[in-house]
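**Q** Here is my input; please provide its structure:
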Amino acid sequence: MARPPKCRRVGFVPDVTVFKPAGAPLRELEEEVLTVEELEAIRLKDLEGLQQEECADIMQISRPTFQRDLTSAREKIARALVEGRALRIEGGNYRVAMRKFKCRACDHDFEVPFGTGGRGIEMTCPQCGDENVQRTDNQGHGFGNMPWGRRGRGWNQE
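**A** Below is the predicted model:
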């Protein structure tokens, strides 16, 4: 009996889930279905330019599993482009990574899924409604894993 597939961690769920050749009605096209975790593998490796080991760590899967997801995604995308098929993004076995925030006004810790809010800029505390929130999921480092973080982007100390 086969082992059930391991749940993959994804940091992005697309708003647009169907791509098709221009001028052809969707109902007349064959479809390739790309899972959300296959899209995440493409995003991390090809768009973000990360090494395979980093990608696998982010998705919390082994490197061979990441390679299988990446290969499958590339084959499906190539088939859709070459054969003029529609590409639908749906399904899979994944969970959405969460971003962690802390309210400076009331000290409330909360999480929101990636892809919601404006990178914390328009974020408000769900407990007190204050807009003075800070992202806290970077383990003491600024974004980009450098100890100094983003230069010139400190707390709003009004």
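**Q** So which bits of stretch 12-19 are buried?
**A** By neighbour count on 16 or more other C-beta atoms under 10 Å, the buried set for stretch 12-19 is V13, F19. In this view, the C-beta of every residue, glycine as well, is placed from N, C-alpha and C.
**Q** Give me the residues contacting that stretch.
**A** 26, 36, 39-40, 43, 80, 86-90, 96, 113-115 (C-beta atoms under 8 Å, 6 or more residues apart in numbering).
**Q** In strands only, show me those.
**A** Those of the contacts of stretch 12-19 mapping onto strands are A86, L87, R88, I89, V96, P113, per DSSP state E.
**Q** can I assume the fourth one is in contact with E32?
**A** Yep, that's I89 we're talking about. No. Contact criterion C-beta atoms under 8 Å: I89 and E32 do not qualify, at 9.8 Å.
**Q** Could you pull out the strands in this protein for me?
**A** Counting by DSSP E, the strands of the chain are 8-10, 18-19, 31-34, 86-89, 94-96, 98-103, 109-113, 133-135.
**Q** Would you mind giving those strands as TSV with mean pLDDT and distance to F66 added?
**A** Listed next are the strands of the chain as TSV, based on pLDDT from 0 to 100; distance: least, C-beta to C-beta, whole Å:
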stretch	mean pLDDT	distance to F66
strand 8-10	89	9
strand 18-19	95	23
strand 31-34	96	15
strand 86-89	96	18
strand 94-96	86	13
strand 98-103	82	21
strand 109-113	80	22
strand 133-135	79	26
